[in-house]
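Asker: sequence and predicted structure are below.
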Amino acid sequence: MNKFIKWLKSPASDYVLLCVILVLINIIGARAFLRLDCTQQRTYSLSAASKQTVSTLTEPLSINVFFSDNLPTGYSNVRQYVKDILVEYKGAANKNFSVTYYDMQKPENAKIAQSYGLHQIQIQEVKNNEVGFKQVWMGLAIAYGDTIEVIDSITSEQGFEYNLTTKISKAISTTDALAGLSNGDSITLTLFQSDDLGKITRINGYDKVNDYIQTAFNSVNKKNMNRMTYVRRNPAAEEIEEIASKYGLQTFSWENKDKTTGVGTFGLVIEHGDSFRSIPLSIARSLFGYQVAGLEDIESNISDSLQSLLSKSTQIGYLTGHDENSLEDQNGEKIRFVNLLSDMYSLTELDLNEKDIPANLSSIIINGPKKELSETELYKLDQFVMKGGNLLIFADPFTANQENYYSQPTYTPINNGLNKILESYGINLPNNYAFDEQCYIARQQGYGNIKMYWAPQLQRKDLNQKSVITKNLGYVILLQPGSVDVTNALANKDLKTTILAKTSNKGWTETSNFEINPNMQAPYDKSRESVQNLVALVEGKFTSAFDSNPLDTQDAKDSVQTKNHIKFGTQKSKIFVCNTSYITSNQLIDENGSQPVAIMIRNAVDYLNGNSDLCSMRTKGLSLNTLTINTGAYVNFVEWFCIAGLLIITACIGILVLVMRKNHKRAIHLAYNPNDERDDSTASKEVKND
């Protein structure tokens with residue numbers, strides 16, 4: 001024993017102990033490792049949205065991983081990345097999260113993968129200096145309750161976390177609307193019903209409203225683990241103005257027998273924290289007198305409003321009836337814009353001339369209307385914004401008219417009527433086209449480089465890098481955009497206005513007498529050129545564009561005066577504006593939705609629907625940096641610098657380091673042992689001195 005202790009203390013054991021320590025470090029690292037993510041976009045770190053999604057699970061969620069073994073180089077890295085990121089999910093999740101890995105060499109596991117809807121994929125493999133193909137499994141399935149979501153063909157790390165988190169969120173929202181809430185949170189459904197109103201005039205169904213709502217509430221609450229609370233309130237007269245203003249409720253006034261003025265209110269509100277939704281329920285006048293409207297759909301409206309309140313609504317309104325861009329191509333297939341949103345959202349066509357805005361909608365897309373919206377439609381949109389609804393607007397300044405194939409098109413200004421309400425929000429969409437000398441360059445054989453001034457190519461410096469909508473995007477190409485004027489919104493301190501995209505300082509606008517063709521020239525007068533705003537986001541509580549409800553018709557004989565108009569916003573709304581609808585077409589949106597313009601659009605939709613955490617997650621791992629100059633000698637210099645310049649600089653640095661090291665070594669010899677004959681440099685100096 002003493003010999004062993006002496007051996008441990010002696011230098012002879014150092015090598016053996018080092019090997020033992022390295023083995024122990026590797027064992028510990030395999031079971032408890034630390035990952036440091038030094039990438040600018042935090043590509044290999046789990047996002048806050050992912051952590052929140054799996055940390056609040058209320059039911060068991062299982063991730064079933066089906067990956068083949070012995071994958072070729074490149075694909076094996078993907079397998080390892082998936083395994084590593086799932087470890088982080090597991091670390092952030094609660095006890096309801098589990099991961100199962102299947103051995104795909106067993107036939108029974110292949111049948112399980114097929115039952116989930118997964119498929120083998122064919123990949124290229126280089127073996128024994130020969131190129132071949134191999135069938136492998138690279139997918140996973142997510143099981144939550146009765147809902148199954150799959151991610152097939154996982155051949156790249158890019159976008160994996162985003163896909164997995166959105167699939168998990170979709171499975172959860174399908175099964176449980178309240179899964180994202182902590183145990184202490186609850187949803188409150190409140191019926192505001194003035195008792196005096198039922199005594200003054202006869203309202204059909206007024207005395208049974210509470211019973212109807214209580215029954216509907218019990219049904220919805222049971223489906224959501226009884227985490228909701230129902231309250232009926234008879235507001236005092238002095239409270240009514242404040243309550244009606246806060247929630248945008250219907251108010252009433254009448255003259256009492258003692259000649260005093262009585263007031264009342266009526267409405268149904270569902271709220272959580274500072275957010276709320278007003279559920280469609282009102283008192284309307286009919287041929288048979290006053291009656292309560294909205295009770296027939298009250299249960300579905302409560303359920304839809306609950307989904308919308310928790311930002312898990314998958315329905316987005318798509319305005320129709322004004323020659324908007326179609327959601328289908330000439331072959332009847334869904335356009336890429338629809339496919340871009342299909343993993344989380346579905347577009348519901350909305351004709352406001354025929355129906356009101358459903359309660360489950362928190363956002364509406366207005367995409368290229370060619371005809372003017374009626375006052376009724378504009379009022380419905382305006383009140384939607386006043387209640388906290390969001391608008392995503394892709395307008396067009398002009399419509400092109402071309403008599404035949406050989407004639408030049410003429411451009412007619414479009415009057416869609418949107419400025420009637422947008423101007424009250426501080427936004428104006430002028431009838432102009434914004435051009436830019438910093439633009440997309442088409443390279444055509446026989447014609448050379450053609451500068452498409454009507455397709456501005458916005459570089460990183462032209463995109464707002466502080467907004468999650470445009471952050472990390474290296475460039476965005478727009479097509480035939482008009483400028484966006486948000487001067488008044490910027491001056492309004494109650495609104496938050498963000499310029500998301502703008503032209504370079506070589507941009508200009510044209511309102512008439514212009515042609516869009518390869519022969520187009522930039523203006524000779526450079527004083528006309530300046531930065532033009534192209535995409536903007538305005539947020540806050542807006543002021544209505546209407547002084548009253550144009551739909552109200554009050555009979556002078558009525559004993560009760562009704563007011564159902566919201567003048568000031570009850571909740572914060574978001575309005576995204578871009579003065580071109582071409583960016584939603586197949587011309588700019590690629591099939592996979594991976595191009596920057598497609599990412600910007602999807603980010604805008606997510607941001608407006610309360611899923612802003614997904615925006616930064618989507619851009620992880622993207623390499624979208626481009627040259628800000630794409631013509632002339634500068635491009636040639638950068639090209640050759642990247643090919644040969646870096647190599648030459650590296651070689652020069654290496655030679656410099658060798659010279660400095662040799663000089664340093666020589667200086668040490670001269671300082672401490674100048675007579676050492678083994679040093680050639682010293683010996684040569686002594687010979688010279690002799």
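Answerer: Here it is on my side, so go on.
Asker: which residues of the stretch 351-500 of the chain fall in strands?
Answerer: All strands of the stretch 351-500 of the chain, identified by DSSP state E, counting those that start in this stretch, fall at 363-367, 390-394, 398-401, 410-413, 433-436, 439-444, 448-459, 475-477, 495-502.
Asker: let me redo that: the stretch 1-150 of the chain
Answerer: Secondary structure of the stretch 1-150 of the chain, counting by DSSP E, counting those that start in this stretch: strands at 61-67, 97-103, 121-127, 130-136, 138-144, 147-151.
Asker: residues in contact with S342?
Answerer: Contacts of S342 were listed using Cβ atoms under 8 Å, 6 or more residues apart in numbering, and they are K334. For the C-beta atoms, the positions are set from N, CA and C on the backbone; glycine is no exception.
Asker: how far away from the center of its chain is the longest helix along the chain?
Answerer: Taking residue count as the measure and DSSP state H as the definition, the longest helix of the chain comes out as helix 646-672. Here the centre of helix 646-672 is set off from its chain's centre by 53 Å, with Cα atoms, centre = their mean, to the nearest Å.
Asker: what do you get for stretch 82-94?
Answerer: Worked out by Cα atoms, centre = their mean, stretch 82-94 lies 23 Å from the chain centre.
Asker: helices and strands of this structure: which one bottoms out on pLDDT?
Answerer: Across the helices and strands of the chain, mean confidence by mean pLDDT, DSSP states H and E is lowest for helix 680-689: a mean of 49.
Asker: picking up where we left off before, including distance to C652, could the strands of the stretch 1-150 of the chain go into a markdown table?
Answerer: As requested, those are exported to a markdown table (distance: least, Cβ to Cβ, whole Å):
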| stretch | distance to C652 |
| --- | --- |
| strand 61-67 | 46 |
| strand 97-103 | 50 |
| strand 121-127 | 36 |
| strand 130-136 | 39 |
| strand 138-144 | 45 |
| strand 147-151 | 48 |
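Asker: reformat those as CSV; add mean neighbour count and distance to I302.
Answerer: Written out in CSV, the entries for these read as follows (neighbours: other Cβ atoms under 10 Å; distance: least, Cβ to Cβ, whole Å):
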stretch, mean neighbour count, distance to I302
strand 61-67, 22, 27
strand 97-103, 15, 30
strand 121-127, 13, 44
strand 130-136, 12, 48
strand 138-144, 23, 24
strand 147-151, 18, 22
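Asker: pLDDT weak spots in the stretch 201-350 of the chain?
Answerer: Counting by pLDDT under 70, the stretch 201-350 of the chain contains low-confidence ranges at 225, 286-288, 310-313.
Asker: can you map out the strands along it?
Answerer: Assignment of strands within the stretch 201-350 of the chain using DSSP E, counting those that start in this stretch yields the ranges 203-204, 228-233, 250-255, 261-272, 275-279, 282-286, 289-293, 315-319, 346-350.
Asker: what helices or strands is the second one leaning on?
Answerer: Where contact means 3 or more Cβ pairs under 8 Å, 6 or more residues apart in numbering; DSSP states H and E, strand 228-233 is packed against strand 187-193, helix 209-223.
Asker: save these as a markdown table, and put in mean neighbour count too.
Answerer: What follows is the helices and strands packed on strand 228-233, written out as a markdown table (neighbours: other Cβ atoms under 10 Å):
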| stretch | mean neighbour count |
| --- | --- |
| strand 187-193 | 21 |
| helix 209-223 | 16 |
